[in-house]
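>>> build me a model from this:
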Amino acid sequence: MTSTNNKEPTLADVIEKLDKLSAEVDKLSRDSEKFNDRFSNYQQATQWVVQLAFTLIASATITVIITSVLRK
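Presented below is the predicted three-dimensional model:
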C-alpha cells in the first residue's frame with residue numbers, strides 16, 4: 001500500500017501564490033520603466049555628444065578655411 005503525502009493546493013494557497021506573482025510583476029514593471037527612462041537619457045546624451053562633435057569639427061574646418069583664405 002502506497003501513501004502519498006501530496007496535498008492538493010487550497011484556494012487560499014492559490015490566492016497567496018497569485019498575490020506573490022502579482023507583486024513580482026509589479027516590481028518588474030517598475031524596474032522596466034526605470035530602465036527605459038535611463039536608456040532614454042543615455043540615448044539623448046549620446047545624441048548631444050555627437051552633435052557637439054560635429055559642431056566642433058565644422059567650426060575647426062571653417063576656421064582653417066577662413067584663416068588660409070585671409071592669409072593669401
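
>>> for Arg38, see how far away Asp31 is.
Distance of Asp31 to Arg38, given as Cβ to Cβ, to the nearest Å: 11 Å. (Glycine included, C-beta is placed from N, CA and C.)

>>> okay, now the unreliable bits of the protein?
1-5 (pLDDT under 70).

>>> can we see that at 50?
1 (pLDDT under 50).

>>> what segments of it are strands?
For the chain, no strands are identified by DSSP state E.

>>> now Thr63: how far from Gln51?
Counting by Cβ to Cβ, the gap from Thr63 to Gln51 is 18 Å.

>>> roughly how far does Gln59 sit from Ala53?
If you look again at residue 59, you'll see it is Ser, not Gln. Counting by Cβ to Cβ, the gap from Ser59 to Ala53 is 11 Å.

>>> now Leu70
Distance, Leu70 to Ala53, by Cβ to Cβ: 26 Å.

>>> tell me which of the two has more neighbours.
When neighbours are counted by other Cβ atoms under 10 Å, Leu70 and Ala53 differ, and Ala53 comes out ahead with 10 against 7.

>>> from Ala45, how far off is the more buried one?
From Ala53 across to Ala45, the span is 13 Å (Cβ to Cβ).

>>> before we move on, what about Glu33?
Glu33 is 19 Å from Ala45, by Cβ to Cβ.
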